[in-house]
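>>> coords please:
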Amino acid sequence: MVQIEIDQLLFMAGMGRWNYELIGILLLICLIQSPFYTFIPFMFAKINYMCEVDAYYENVTFSNNQCLYSINGSQWIDCPKFRFLPSSEFKTSYVSEFSLVCTNEPLTEHLMSALMIGDVIASCIGTFLMDAFGRRKFLIFNTIQLFLVYTYYLFIPSEKYIWIAVIFDGAGSLSIYMVSSILLTECLPLHLRAVGTGAAEAFSGIGITFSAIISFLFPTWKMYQLLRCFIPIAIAIFLAIFYIDESPRWLLENSKYERLETTIIRVFNKNNTNIPKIVRDQLHLLKAGSENTNIKTENNIRFWLLFRTFKTAIYMIILAMCWTFCVIAFFGLIFGPELFNLSSHAFFVLNGLSEIPACIFAVYFLNKVGRKFTNLASFLFCGLSLLLSVSISSNVFWNVMRLIFASASKMFASSSFIVIYLWTGELMPTNMRGIGMGITCGFARTIAIGFPELIKYLQKIWTPLPVLFIAVFGIIAGICSLILPETMGELIPDNLTEYECFGTEGYKKLKTERQKLLSN
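Now for the predicted structure:
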């Protein structure tokens, strides 16, 4: 009987060059991936436009979110082009490059919804492809997709097709972040999973800061796109093709035994670790397809199987609630520099830097008290910070306090993202890990598509109501998450059978049996 436990193999291989290459490349991809970095600095830039027309026409005005000028005060005509005033933060912007409206608020809402549509596509279709064809192929496919999108942004500015490009931007960006998170979960030793997921979020935050700095130094749309998006993603494609291996766990659960043997041998060799004879023998038997092999892989990736027991259905519903709070809190806070009367550069530098304390907070408590209570603390503190940010009066001192509470809520929203990515990845079985994350994340992104309109509606009723709604929902979701099982220090499930009995004595027995032949 041949049985392989990937966690034990990775422990035996130790930490070395293979691990550091994987971590470094995936963190670089998290740094440059751009679900919103592409547009943030330019969408919220303080830009003063002046319609540049013949001096004969002096009556220039804004009407219905368009830059128009009048002839004799009656006939209104679109301005042929814009001129930036000295008080502008940028020399050219996304708006002017694509000949769109002078004001950017309606554009921001529409592109935000388009971005979320792309996220839903990534969650519903992309994660299925990830589980069906493998992590590595999926990562390479989406980096190439983003390269094409950035090529469009850089060289073919057009209002007509920009919405399609933004949808593909959202789909590709979320896809490579999710597959990076899953690869870190599947390929790192038990004690480093929280560190890997936290570092991914921290590098994502550094990417926000990096975006703001680049846009400040090079305040034109095309130069920003070239330096921030086009060149880095081209480097990421090269690294993904030549230096990223397929997840050994995915290869095992999908019966790719020949590639599994090659990958495991490469892991040991790169880490300068001798491969025990028993490991070589078992890998050889798997590759040869010996009749003695007793591993039962479950390649069935029908998503409804994740709901086939009452317990697992409850898990999926609670995870979907947690994902929904993370998405609406995170994106609701990150798209709002105008709320704090800061320049877009300063706002997004602070916004990005807030990811670092979020990472430290999350990683420390994930390894000390576990996923369950770290998630609860992140949700509660985020909700309370939001409540405090809208309950204080308006003057100079309290405006500063509002900014502090809003920054704190953003930090805890980021830490909750770290927890939910890790927790979902550890709860889902290997052969359906992408789909499980996609269903829960996709539900949240679907809600987020209409969230800008919901915010408008709630603001009409009472201005602080949207923030109160997010805060209360987060507190409820955090309390409900206590039902989920703790995954700290646990071997992650590899198939549906293990997933359904996770957290029980039966699960520990299954995992122990898979480790016996590798234990000395």
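>>> what pLDDT does Gly14 get?
Here, the pLDDT recorded for Gly14 equals 88.
>>> Thought Asn271 was touching it, still the case?
Yes - contact criterion C-beta atoms under 8 Å: Gly14 and Asn271 qualify, at 5.4 Å. Glycine gets a C-beta too; all of them are placed from N, C-alpha and C.
>>> out of these two, which sits in the busier spot?
Comparing Gly14 with Asn271 by neighbour count (other C-beta atoms under 10 Å), the higher total belongs to Asn271, at 17 against 14.
>>> got a list of what the residue nearest to that one when sequence neighbours are not counted touches?
Nearest residue to Asn271, sequence neighbours excluded (C-beta to C-beta, 6 or more residues apart in numbering): Gly16, at 2.9 Å. When contacts are counted by C-beta atoms under 8 Å, 6 or more residues apart in numbering, Gly16 touches 270-273.
>>> Mind doing that once more with 10 Å?
Listed by C-beta atoms under 10 Å, 6 or more residues apart in numbering, the contact partners of Gly16 are 267-273.
>>> Which two of those have the greatest separation?
Farthest pair in the contacts of Gly16 (C-beta to C-beta) is Val267 and Asn272. Separation: 10.9 Å.
>>> anything in contact with each of the two?
Each of 13-14, 16-18 lies in contact with both Val267 and Asn272 under the rule C-beta under 10 Å, 6+ apart.
>>> Please report phi then psi for the residue nearest to Asn271.
Note on Gly16: its backbone torsions stand at phi -160, psi -160 [degrees, to the nearest 10].
>>> got it, and the one 5 residues further on?
Backbone dihedrals for Glu21, given as degrees, to the nearest 10, come out at phi -60, psi -50.
>>> State the helix or strand in which Thr463 lies.
Using DSSP states H and E, Thr463 maps to neither a helix nor a strand.
>>> can you check Gly506 too?
Going by DSSP H and E, Gly506 is in helix 505-515.
>>> okay, Val267 and Asn272: which has more neighbours?
Val267 (24 against 11).
>>> Local confidence estimate at the more buried one?
Note for Val267: predicted pLDDT of 93.
>>> What part of this protein, helix or strand, is modelled with the least confidence?
When each helix and strand of the chain is scored by mean pLDDT, DSSP states H and E, strand 60-63 comes last, with a mean of 48.
>>> Three-state assignment for Ala377, please.
Secondary structure for Ala377, judged by DSSP: H, G, I helix; E, B strand; the rest coil, is helix.
>>> What of Thr487?
Assignment for Thr487 (three-state DSSP): coil.
>>> for it, phi and psi?
Note on Thr487: backbone dihedrals following degrees, to the nearest 10 are phi -120, psi 0.
>>> Give me the distance between the residue nearest to it when sequence neighbours are not counted and Phe168.
Using C-beta to C-beta, 6+ apart and skipping the chain neighbours, the partner closest in space to Thr487 is Glu426 (3.9 Å). As judged by C-beta to C-beta, to the nearest Å, Glu426 and Phe168 stand 30 Å apart.
>>> Show me which of those two is the more surrounded one.
Set Glu426 next to Phe168 and count neighbours by other C-beta under 10 Å: Glu426 wins out with 24 against 19.
>>> Buried residues of the helix or strand harbouring that one, list them for me.
According to DSSP H and E, Glu426 maps onto helix 396-427. By neighbour count, with 16 or more other C-beta atoms under 10 Å as the criterion, the buried positions of helix 396-427 are 402-403, 405-427.
>>> With only the CA atoms kept, save the helix or strand following that helix in PDB.
Using DSSP H and E, the helix or strand that follows helix 396-427 in sequence is helix 433-449. Provided in PDB are the C-alpha atoms of helix 433-449 (Å, rounded to 0.1, in the frame of the first residue of the first chain):
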ATOM      1  CA  ARG A 433      -9.900  24.400  -3.200                       C
ATOM      2  CA  GLY A 434     -10.100  26.900  -6.100                       C
ATOM      3  CA  ILE A 435     -13.800  26.300  -6.600                       C
ATOM      4  CA  GLY A 436     -14.600  26.500  -2.900                       C
ATOM      5  CA  MET A 437     -12.800  29.800  -2.600                       C
ATOM      6  CA  GLY A 438     -14.400  31.000  -5.900                       C
ATOM      7  CA  ILE A 439     -17.900  30.300  -4.700                       C
ATOM      8  CA  THR A 440     -17.600  32.100  -1.400                       C
ATOM      9  CA  CYS A 441     -15.500  35.000  -2.900                       C
ATOM     10  CA  GLY A 442     -17.800  35.100  -6.000                       C
ATOM     11  CA  PHE A 443     -20.900  35.600  -3.800                       C
ATOM     12  CA  ALA A 444     -19.200  38.600  -2.200                       C
ATOM     13  CA  ARG A 445     -18.100  40.100  -5.400                       C
ATOM     14  CA  THR A 446     -21.600  39.700  -6.900                       C
ATOM     15  CA  ILE A 447     -23.000  41.700  -3.900                       C
ATOM     16  CA  ALA A 448     -20.300  44.300  -4.500                       C
ATOM     17  CA  ILE A 449     -21.400  44.900  -8.100                       C
END
